[in-house]
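In: next one to model:
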Amino acid sequence: ADLLLEKRVYRNSERQYKAAYAKGLRDDALLLGLAGALHGNGKLKEALPYLEDVYHRQPTDRIALELARLHKKLGHNARALELLESIEGSAKSKPSKSRA
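Out: Sure, this is the predicted structure:
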């Protein structure tokens with residue numbers, strides 16, 4: 001499924017990810033791949049819950065950015081802005097490295 005996703009064969013990739021999901025696999029890599037395949041297939045609303053699930057488990061800036069982009073495409077501008085502000089807030093709270 002990952003290789004198909006990289007080759008942008010979204011329909012077959014989606015099918016493979018869904019088969020793994022149906023067998024009970026729920027790790028972050030699978031959920032991200034499934035969301036990516038659905039997004040590539042134009043199924044944005046269907047991709048959203050998988051990406052939200054990953055973000056709730058692992059709220060990284062990268063996942064927040066991808067989630068904000070998806071919300072923006074779906075017209076959920078308030079949620080997209082909220083996610084972008086969380087990224088900005090986390091960047092401000094990280095200690096900066098000073099040059100010696």
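In: distance from the chain centre to the lowest-mean-pLDDT helix or strand in the chain, please.
Out: Every helix and strand in the chain was compared by mean pLDDT, DSSP states H and E; the lowest is helix 77-93, with a mean of 88. Distance, stretch centre to chain centre, for helix 77-93: 15 Å (CA atoms, centre = their mean, to the nearest Å).
In: list the buried residues for that helix?
Out: The neighbour-count check on helix 77-93 (16 or more other CB atoms under 10 Å) flags 79-80, 83-84, 86-87 as buried. (Glycine included, C-beta is placed from N, CA and C.)
In: and of those residues, the nearest to D27?
Out: The closest of the buried residues of helix 77-93 to D27 turns out to be L83 (CB to CB; 22.3 Å).
In: now do the contacts for the closest residue to the closest one other than its chain neighbours.
Out: Nearest residue to L83, sequence neighbours excluded (CB to CB, 6 or more residues apart in numbering): A68, at 3.9 Å. Each residue near A68 by CB atoms under 8 Å, 6 or more residues apart in numbering is listed here: 79-81, 83-84, 87.
In: ends of stretch 30-49, how far apart?
Out: Stretch 30-49 has an end-to-end distance of 13 Å (CA to CA, to the nearest Å).
In: what does that stretch rub up against?
Out: 1-2, 4-5, 8, 10-11, 13-14, 17-18, 20-21, 50-51, 53-54, 63, 70-71, 73-74.
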